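Undergrad: next comes the sequence, and after it the predicted model I'd like to discuss.
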Amino acid sequence: MSVGLGIGLPYRWILTEILGTIQDAHLDALLVVPHLLRKWRLPSRGIRLIGCAVACRLPYRRTKSLEKRGGELKMRSEELQLEAKEAERKLEYVNALNLGRATDLELQAMNAFERSQRRIQEDKREEEYQKQRDEVQALFAKVHRRLQSELIELRDYKVLLREYRRVRLEKLSETLGKVQDGRRLRHCVRVMIRNGAQRILQRLEHANLPLEPWMREVLLNCCYVEIRIEDAETQLLSLRREALKPVREDVQQMIDKTKAERFEDLFVRTLELRQQKLSTTASSEQEEKTMQMEPSNLPESACGDSVAPSNIGGESTSDFGSDMQRTKERDNTPAVPIEKVRADVRALEGEITSLRRLLGDMRANAAAVICNHLRQAEKSAGRNWSPKEAAAWGHRMLSLLVSEDFATTTMKELLKLSPLRY
């Protein structure tokens, strides 16, 4: 099998095995590649060649799975490095333990029984120390082996990811010269930026796009703004999901309840809100009067009937109080984090709105410059254009900068105001 990369016969056989493994087009199957490379113990050059050949056969979305797996391996390697340092510290501590054997002078001052007991204790202590040393040494060796394995796997993933990105950037550079729609063109540029491409203006210039230098700069700036919008929208989505968690729990609890229980909860909340409103509007003097009122001042009808309502619905009133208590606890517990999440959501929404407004202004300014260029060319008659050719040129520039719909709408508005005359 020839892949056109100068791969020898052993590498071709390995590439055949790898492509046969991942031909089912599952994302999880891609993660098998570094394990196969470690199994065959290839050098770095072989890994790069194999990675370049495999990258030509894989869709672009596979790079995300490799990035995710590489991040997980990096975190695990950092954790294992901390564990290895801790195990090394324990090993040094155990090796530095002093047995504290008795000297000859101390042994001479003892009788035979004391000397035998002292030696037995020292031997037991030495066995315990040796056991601790063996355990710590085994733990250190185990952590060190795991760390080396993770570092090797992380290196393989980094090499493969670097080759995948390089091949992807090459494919995107080839695609730039063939794109006729602004959405696809900006998507290619955004993907190149996210994959760490350098000198993108030079790449756009070498792609032979019919864009002027200032148009390429506007296109690149729009791509950077769109990347900021995409990142902010992703963060906003996660914050919205976090903010909806308590609402989802409340809805689930409401579904599990009966109609009567839901009505009673609604009654409890309404009554509590009314009581809060009355307490805020009532004056302090009226509250003092009601608190200091004695039972002797009450009418007999009030004293006689005061017991009846409490005895009639004792069970319902207890449920009423418990529901009010649960409502208070639920409302008071998550108040601070929900408010913080809401503030973050509002801040992100404001940022996204401002970025979209900035993007719209950039596109409108670019369209205004192109329309002004057409008007100046119409006045000076420096170009031998027909009205159709001028409209087609403006439509093509706007299509490459923004989109086909934006170009059609802008050119219609321009021609509606005053037709082009050359």
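TA: Good, I have the coordinates.

Undergrad: now the longest helix anywhere in the chain: average pLDDT?
TA: Counting residues, the longest helix found in the chain (DSSP state H) is helix 112-176. Averaged across helix 112-176, pLDDT comes to 84.

Undergrad: report the backbone C-alpha coordinates of the very next helix or strand once past it in PDB.
TA: Using DSSP states H and E, the helix or strand that follows helix 112-176 in sequence is helix 182-194. C-alpha atoms of helix 182-194 as PDB (Å, rounded to 0.1, in the frame of the first residue of the first chain):
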ATOM      1  CA  GLY A 182     -18.200  34.000   2.900                       C
ATOM      2  CA  ARG A 183     -19.500  31.700   5.600                       C
ATOM      3  CA  ARG A 184     -17.300  28.800   4.500                       C
ATOM      4  CA  LEU A 185     -14.400  31.100   4.100                       C
ATOM      5  CA  ARG A 186     -14.700  32.500   7.600                       C
ATOM      6  CA  HIS A 187     -15.200  29.000   9.000                       C
ATOM      7  CA  CYS A 188     -12.000  27.900   7.400                       C
ATOM      8  CA  VAL A 189     -10.200  30.900   8.900                       C
ATOM      9  CA  ARG A 190     -11.700  30.400  12.300                       C
ATOM     10  CA  VAL A 191     -10.600  26.700  12.300                       C
ATOM     11  CA  MET A 192      -7.100  27.700  11.200                       C
ATOM     12  CA  ILE A 193      -6.900  30.200  14.100                       C
ATOM     13  CA  ARG A 194      -8.100  27.600  16.600                       C
END
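
Undergrad: point out the other helices and strands that helix 182-194 packs with.
TA: For helix 182-194, the elements it packs on are helix 112-176, helix 200-206, helix 213-243, helix 387-401, helix 404-417, judged by 3 or more C-beta pairs under 8 Å, 6 or more residues apart in numbering; DSSP states H and E. Where C-beta positions appear, they are placed from N, C-alpha and C, glycine not excepted.

Undergrad: repeat the analysis, applying 10 Å as the threshold.
TA: helix 62-95, helix 112-176, helix 200-206, helix 213-243, helix 387-401, helix 404-417 (3 or more C-beta pairs under 10 Å, 6 or more residues apart in numbering; DSSP states H and E).

Undergrad: could you say which of those helices is packed most deeply?
TA: Mean neighbour count (mean count of other C-beta atoms under 10 Å) peaks for helix 387-401 among those, with a mean of 18.

Undergrad: so which of the helices and strands packed on helix 182-194 is nearest Arg186?
TA: Ranking the helices and strands packed on helix 182-194 by distance to Arg186, with C-beta to C-beta as the measure, places helix 213-243 first at 5.3 Å.

Undergrad: now for that closest one, which elements pack on it?
TA: Using 3+ C-beta pairs under 10 Å, 6+ apart: helix 213-243 touches helix 182-194, helix 200-206, helix 335-380, helix 387-401.

Undergrad: coming back round to it: any chance of the helices and strands packed on helix 182-194 in JSON lines, with distance to Ile338 too?
TA: Output for the helices and strands packed on helix 182-194, formatted as JSON lines (distance: least, C-beta to C-beta, whole Å):
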{"stretch": "helix 62-95", "distance to Ile338": "30"}
{"stretch": "helix 112-176", "distance to Ile338": "39"}
{"stretch": "helix 200-206", "distance to Ile338": "42"}
{"stretch": "helix 213-243", "distance to Ile338": "7"}
{"stretch": "helix 387-401", "distance to Ile338": "42"}
{"stretch": "helix 404-417", "distance to Ile338": "40"}
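
Undergrad: for Leu359, which of these is the nearest?
TA: Smallest distance to Leu359 across those (C-beta to C-beta): 5.0 Å, for helix 213-243.
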